[in-house]
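> Need the 3D shape of this:
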Amino acid sequence: MSQVRDEYPSAQKFVPDNASLTEIAEAARSCQGCELYEPATQTVFGAGPPSARVVLVGEQPGDVEDQRGEPFVGPAGRLLDRALADAGIDRDQAYVTNAVKHFRFTGSAGKRRIHQKPDLAHITACKPWLEAELALLAPEVVVALGATAAAALISPSFRVTKQRGQLMSWDGPSGSEDAGVHAGWIMATVHPSSILRTQGEGRDAAYDGLVADLRVAARTLGK
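Presented below is the predicted three-dimensional model:
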């Protein structure tokens, strides 16, 4: 483990060894790897079939996801479902998760909770969960949705706006036995929530761009 990573809190001690995806998801419910667990309603782990060939990684759960305990079930999730269908990817055969498993927000109880972007410390603390998911799933294609996921999976210096839709070889999660061996492909695109924030006619163009990027993943899967 690097010196930089040691400076941050980590969920590593909460991740069980030699566990199944179901067992890891259950263990994540008790995670206290960083302070985000305190105000959040619950851990929101990934969802999808263990046989999924494509994994989509977002930033963090939103308000709806925090309340329901499921990833991508709010407005951004519904938009993602539509984009996947338009790109030719079966949503039921994909696995969706987030780089950070707890909802970070501003606002007190009884008031509207406003999304707050997670810090590098939160991304780093939660990375053992993401690495455990990816090691067990061993997907052919990983899609990072937005800057936070790209920072967690590719590099903090990666710029989605400049490098989106570019397929890159992926060596698997850093903690896996196959790390350093070409395991599949990774690419990044915008987060669906950014399209919902786009006003006017630009929203259609932004949506079409997301679909075009997802079609790169679909072609890689032979769709």
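> any idea how far the residue nearest to the spatial centre of the chain is from residue 30?
In the chain, the centroid-proximal residue (C-alpha atoms, centre = their mean) is residue 57; its distance is 2.2 Å. According to C-beta to C-beta, to the nearest Å, residue 57 and residue 30 sit 22 Å apart. No exception for glycine: its C-beta is placed from N, CA and C like everyone else's.
> pLDDT at the closest residue to residue 24 other than its chain neighbours, what is it?
What sits nearest to residue 24 in space, not counting adjacent residues and going by C-beta to C-beta, 6 or more residues apart in numbering, is residue 132, at 5.2 Å. Residue 132 carries a pLDDT value of 96.
> you'd agree residue 132 is in a strand?
No. Secondary structure assignment (DSSP: H, G, I helix; E, B strand; the rest coil) places residue 132 in helix, not in a strand.
> list the contacts for residue 103?
Neighbouring residues of residue 103 by C-beta atoms under 8 Å, 6 or more residues apart in numbering: 36, 40, 41, 44, 60, 61, 62, 63, 65, 66, 113, 115.
> again with residue 14
With C-beta under 8 Å, 6+ apart, residue 14 has these contacts: 27, 28, 30, 31, 32, 33, 128.
> Which residues are in contact with the fourth one?
Taking C-beta under 8 Å, 6+ apart, we find residue 31 in contact with 11, 14, 37, 43, 101, 102, 129.
> Specify the local secondary structure of residue 157.
coil.
> what's the neighbour count on it?
7 (other C-beta atoms under 10 Å).
> My read is that residue 167 contacts residue 221, right?
No. If you go by C-beta atoms under 8 Å, residue 167 and residue 221 don't touch, sitting 11.4 Å apart.
> more neighbours, these two?
Of the pair residue 167 and residue 221, residue 221 is the one with more neighbours under other C-beta under 10 Å, namely 17 against 14.
> That one touches residue 90, doesn't it?
No. Judged on C-beta under 8 Å, residue 221 makes no contact with residue 90 at a distance of 9.8 Å.
> Which of the helices or strands spans residue 55?
Take DSSP states H and E as the rule and residue 55 turns out to sit in strand 54-58.
> Give me the contacts around that strand.
46, 48, 71-72, 76, 80, 89, 93-99, 130, 133-134, 137, 139-146, 148-149, 152-153, 191, 217, 221.
> Could you tell me which of these count as buried?
Buried members of the contacts of strand 54-58, scored by 16 or more other C-beta atoms under 10 Å, are 46, 48, 71-72, 76, 80, 89, 94-99, 130, 133-134, 137, 139-146, 148-149, 152-153, 191, 217, 221.
> Filter these down to just the ones in strands.
94, 95, 96, 97, 98, 141, 142, 143, 144, 145 (DSSP state E).
> Isn't the third one up against residue 70?
Right, the one you point to is residue 96. No. In this structure, residue 96 is not within contact of residue 70 by C-beta under 8 Å, at 9.2 Å.
> Report the set of residues contacting both of those two.
Contacts common to residue 96 and residue 70, judged by C-beta under 8 Å, 6+ apart, are residue 47.
> need the helices for the chain, in chain order.
For the chain, applying DSSP state H gives helices covering 3-6, 21-28, 63-68, 75-87, 120-137, 147-153, 160-163, 192-196, 202-220.
> so where's the chain shaky on pLDDT?
1-8, 108-110, 174-182 (pLDDT under 70).
> try 80
Along the chain, the model assigns pLDDT under 80 to residues 1-8, 107-112, 174-183, 223.
> Which residue, neighbours along the chain excluded, lies closest to residue 217?
In space, residue 217 is closest to residue 141, 4.9 Å off (C-beta to C-beta, 6+ apart).
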